[in-house]
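Undergrad: Here's my sequence, what's the structure:
(2 chains)
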Amino acid sequence: MSALLERLAEVRKSGDVARLAEAIPYARWMRIAPENGTGELLTRMRYHDDLIGNTFLPAIHGGTLGAMLEMAAIFHLLWETETEAVPKIVNITVDYLRSARPVDVLAAAKVTKQGRRMVNVFAEAWQDDRSKPVATANAHFLVKSADDAPPSL
Amino acid sequence: MDKAERVALFQKWFSDTIPHNRALGLKVIGVRRGFASMQLDWREELVGNPETGVLAGGPLTAMLDGCCGMSVATMLKQPEPFATLDLRIDYVRPAEPGKPVIAEAECYRVTRSVAFTRAFAHHGDPKDPIAAAAGTFMLGTKGKVTRAQSIGAEAKI
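TA: You can find the predicted model right below:
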């Protein structure tokens, strides 16, 4: 069992979902972590200056929004579904709706379709006002255990 | 301007002065009209799965977004601000731990309002990709034009 799935089992007992991110070096580096203070699993990307993509506006780099939407989808799948393996991303399409200001970004995900091997997930990211998303994404993940997945994935 | 000068100019404005690209350590390795290429070196902080050492998807997403954006800048006749409208990434196989990733982006069509790009990420053989991307960019967005956005028009490549 992977360290992330072991961590998931611990987190299910303690309820401290933020600890899921500690098992992922990139999530730590980006300061992306899940939280469930409101009863809904949200993923937060804490603002820091290294996220900036446009220093004139200033605005957060679009690539980091794509990255955090992908992480939000993964945390959602780990936490909300009965997964036996770490979900493997197949593809993601990100729509950029507004420029993201230099403050925290929050994201929520939901499963649009759960198949036996493939899951389709929708995620949206916002800053102060949830009704004004800065970016949305649709992504596919393979969720069956690694033994059954094609060798390349 | 020779190739090395062009690469140095785009390195300055597309990596050194864009905080997130600099944080990733993106290196501009090629640029010409309608084409941009960057390299991302593997490092522990960018890993998604610490047991395998495979990079997370995020650094590739950010690199492909930046590289597609740079290919747009090389096509502009007049400096104007632009922003990513959408970006699709297919992760066709995991990146190999420890190896640098190269992204190559092509801007194949520019209209009055939208620029169309596609890109591949690979370990040196473009026929054996790690990820494929398609990005569109909105031209003439609000705000002042940045140096990165204007450098293609200024360099007259």
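Undergrad: would you list every one of the helices in chain B?
TA: Ranges of helices within chain B are B:3-11, B:19-24, B:57-73, B:147-155, based on DSSP state H.
Undergrad: could I get these as JSON lines with mean pLDDT, mean neighbour count and distance to residue A:7?
TA: To be clear about C-beta, it is placed using only N, CA and C from the backbone, and glycine gets the same treatment. Compiled in JSON lines, the helices of chain B are given as follows (pLDDT from 0 to 100; neighbours: other C-beta atoms under 10 Å in any protein chain shown; distance: least, C-beta to C-beta, whole Å):
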{"stretch": "helix B:3-11", "mean pLDDT": "93", "mean neighbour count": "15", "distance to residue A:7": "39"}
{"stretch": "helix B:19-24", "mean pLDDT": "98", "mean neighbour count": "22", "distance to residue A:7": "26"}
{"stretch": "helix B:57-73", "mean pLDDT": "97", "mean neighbour count": "28", "distance to residue A:7": "19"}
{"stretch": "helix B:147-155", "mean pLDDT": "85", "mean neighbour count": "20", "distance to residue A:7": "39"}
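Undergrad: Ok, which of those comes nearest chain A?
TA: helix B:57-73 (2.6 Å; C-beta to the nearest C-beta).
Undergrad: any idea how far residue B:154 is from residue B:137?
TA: Noted for residue B:137: a distance of 18 Å to residue B:154, by C-beta to C-beta, to the nearest Å.
Undergrad: nope, residue B:38 is what I meant
TA: Using C-beta to C-beta, residue B:38 is found at 20 Å from residue B:154.
Undergrad: same question, residue A:91
TA: From residue A:91 to residue B:154 the distance is 36 Å (C-beta to C-beta).
Undergrad: pLDDT weak spots in chain A?
TA: Along chain A, segments meeting pLDDT under 70 span A:1, A:145-153.
Undergrad: How far off centre is the longest helix seen in it?
TA: Identified as the longest helix of chain A according to DSSP H is helix A:62-80. From the chain centre to the centre of helix A:62-80 is a distance of 1 Å (C-alpha atoms, centre = their mean, to the nearest Å).
Undergrad: got it, and stretch B:139-147?
TA: Put simply, stretch B:139-147 sits 18 Å off its chain's centre (C-alpha atoms, centre = their mean).
Undergrad: all helices of chain A, in order?
TA: Secondary structure of chain A (DSSP H): helices at A:3-14, A:25-30, A:62-80.
Undergrad: Just give me the residue closest to the centre of chain A.
TA: residue A:72 (1.6 Å; C-alpha atoms, centre = their mean).
Undergrad: My guess is it contacts residue A:135. True?
TA: No: with contact defined as C-beta atoms under 8 Å, residue A:72 and residue A:135 do not form a contacting pair (10.7 Å).
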